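1. can't give you the sequence, but here's the structure:
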């Protein structure tokens with residue numbers, strides 16, 4: 001949702017922050033939330049994954065140390081993001097009444 005906000009309010013910032021081309025910015029500004037989520041998912045698996053791999057290789061070559069993953073993304077964040085996509089009108093405050101986010105079990109199906 002942050003990406004959608006910047007695409008609408010400040011396209012130049014979105015272009016720089018998400019490393020997009022002018023053409024991508026113009027196209028993405030018209031995407032609906034689920035289509036935009038699919039685009040970010042694809043970017044994560046392609047362009048961003050390649051950038052991260054290259055950055056890790058550079059760090060390893062500069063430090064002579066092997067990179068190890070020490071943390072993982074919280075499943076609560078994944079649930080929050082998904083819940084916002086399916087309840088767009090209510091926004092980020094959707095969980096204000098639920099203190100235990102472990103009860104929230106959602107799955108974002110990007111294949112549709």
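-> In hand now; what should we look at? Keep in mind it's a predicted model, so treat the numbers as computed, not measured.

2. Which residues are in contact with the nearest residue to residue 8 once chain neighbours are set aside?
-> Closest residue to residue 8 apart from its sequence neighbours, by C-beta to C-beta, 6 or more residues apart in numbering: residue 29 at 6.7 Å. Every residue, glycine included, has its C-beta placed from N, CA and C. Counting by C-beta atoms under 8 Å, 6 or more residues apart in numbering, residue 29 touches 7, 8, 11.

3. Could you check how many residues crowd around the residue lying closest to the last one once chain neighbours are set aside?
-> Spatial nearest neighbour of residue 11, excluding adjacent residues (C-beta to C-beta, 6+ apart): residue 25 at 5.0 Å. Neighbour count for residue 25, taken as other C-beta atoms under 10 Å: 16.

4. how far away is residue 25 from residue 17?
-> Using C-beta to C-beta, to the nearest Å, residue 25 is found at 11 Å from residue 17.

5. Residue 7 too?
-> According to C-beta to C-beta, residue 7 and residue 17 sit 10 Å apart.

6. between those two, which one's more packed in?
-> residue 7 (23 against 12).

7. now that one: how far from residue 26?
-> In terms of C-beta to C-beta, residue 7 sits 9 Å off from residue 26.

8. now do residue 50
-> 23 Å.

9. Comparing those two, which shows the higher neighbour count?
-> The neighbour count for residue 50 versus residue 26, taken as other C-beta under 10 Å, is higher for residue 26 (13 against 10).

10. Could you look up the SS state of the more buried one?
-> helix (DSSP: H, G, I helix; E, B strand; the rest coil).

11. any idea whether residue 40 is helix, strand or coil?
-> Classification of residue 40 by three-state DSSP places it in helix.

12. check contacts around residue 17.
-> Neighbour list for residue 17: residue 6 [criterion: C-beta under 8 Å, 6+ apart].

13. quick one: least confident helix or strand in the protein?
-> Least confident helix or strand of the chain, by mean pLDDT, DSSP states H and E, is helix 75-86 with a mean of 54.

14. Quick check, residue 40 in contact with residue 3.
-> Yes - with contact defined as C-beta atoms under 8 Å, residue 40 reaches residue 3; the gap is 6.3 Å.

15. Cool, thanks, talk later.
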